[in-house]
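Chemist: just need the structure, nothing else, for what follows:
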Amino acid sequence: MNVRAEIELDEAGLVAVARGLAARVGEGGAIHLCGELGAGKTTFARALLGALGVGARIKSPTYSLIESYEVDGLQIHHLDLYRIAAADELEFLGLGDLAAGRFLILIEWPERGGDALPAPDLIAHLRHAGAKRQLQLTPCTQRGESWLGSGGGGEAN
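Modeler: Presented below is the predicted three-dimensional model:
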């Protein structure tokens with residue numbers, strides 16, 4: 001894995017990185033969003049979803065576990081696994097069906113899903129840094145590497 005340098009940014013900067021990445025993920029894949037409560041995972045996901053063209057109100061899946069959208073034939077699934085106690089609780093979500101065809105899946109708290117989740121193409125790890133946040137983007141596949149190539153999410157290179 002090629003770990004990218006950690007950058008420190010405010011909320012507007014975090015949103016800008018997510019929007020830049022949206023221009024690269026149109027063919028789909030999997031992004032794992034890691035970090036403690038309030039670190040910016042949902043902010044990042046909402047910015048990315050909005051930039052992809054999700055026009056509906058972008059709700060946090062904290063209580064529903066999953067919110068799904070469709071944009072230009074791309075099936076997009078945003079999961080928040082914070083309330084999951086064990087990975088076997090995910091069986092009822094039908095993750096195999098979600099990860100079929102052309103899909104993009106954003107997973108907050110992926111460590112709670114274990115091996116039941118699709119492997120990430122990219123891991124976005126967020127940490128509090130005073131009034132700002134630290135963001136580290138780690139590509140895990142060739143697809144993830146291409147997402148971080150020049151022009152998309154370049155602020156974090």
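Chemist: C-alpha only now, for contacts and for neighbours.
Modeler: OK.
Chemist: residues contacting Leu104?
Modeler: 25, 27-31, 74-77 (CA atoms under 8 Å, 6 or more residues apart in numbering).
Chemist: and the pLDDT at it?
Modeler: On pLDDT, Leu104 comes in at 95.
Chemist: who's it bridged to?
Modeler: Gly29, Ile76 (DSSP bridges).
Chemist: pLDDT at Leu122, what is it?
Modeler: At Leu122, the pLDDT value in this model is 96.
Chemist: check Glu36 too.
Modeler: At Glu36, pLDDT is 92.
Chemist: now do the one 3 residues further on
Modeler: Confidence per residue is given as pLDDT, and for Ala39 that number is 91.
Chemist: ok, the one 10 residues further on next?
Modeler: For Leu49, the model assigns a pLDDT of 95.
Chemist: burial measure for it, as a count.
Modeler: Close neighbours of Leu49, defined as other CA atoms under 10 Å, add up to 23.
Chemist: and it, that's in a helix?
Modeler: Yes. Counting by DSSP: H, G, I helix; E, B strand; the rest coil, Leu49 is part of a helix.
Chemist: what residues are up against it?
Modeler: Leu49 touches 22, 58, counting by CA under 8 Å, 6+ apart.
Chemist: any idea how far Val25 is from it?
Modeler: Counting by CA to CA, to the nearest Å, the gap from Leu49 to Val25 is 10 Å.
Chemist: re earlier: taking the contacts of Leu104, please make a PyMOL selection of just the buried ones.
Modeler: Buried residues within the contacts of Leu104, by 16 or more other CA atoms under 10 Å, are selected in PyMOL with:
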select buried, resi 25+28+29+30+31+74+75+76+77
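Chemist: sweet, I'm off.
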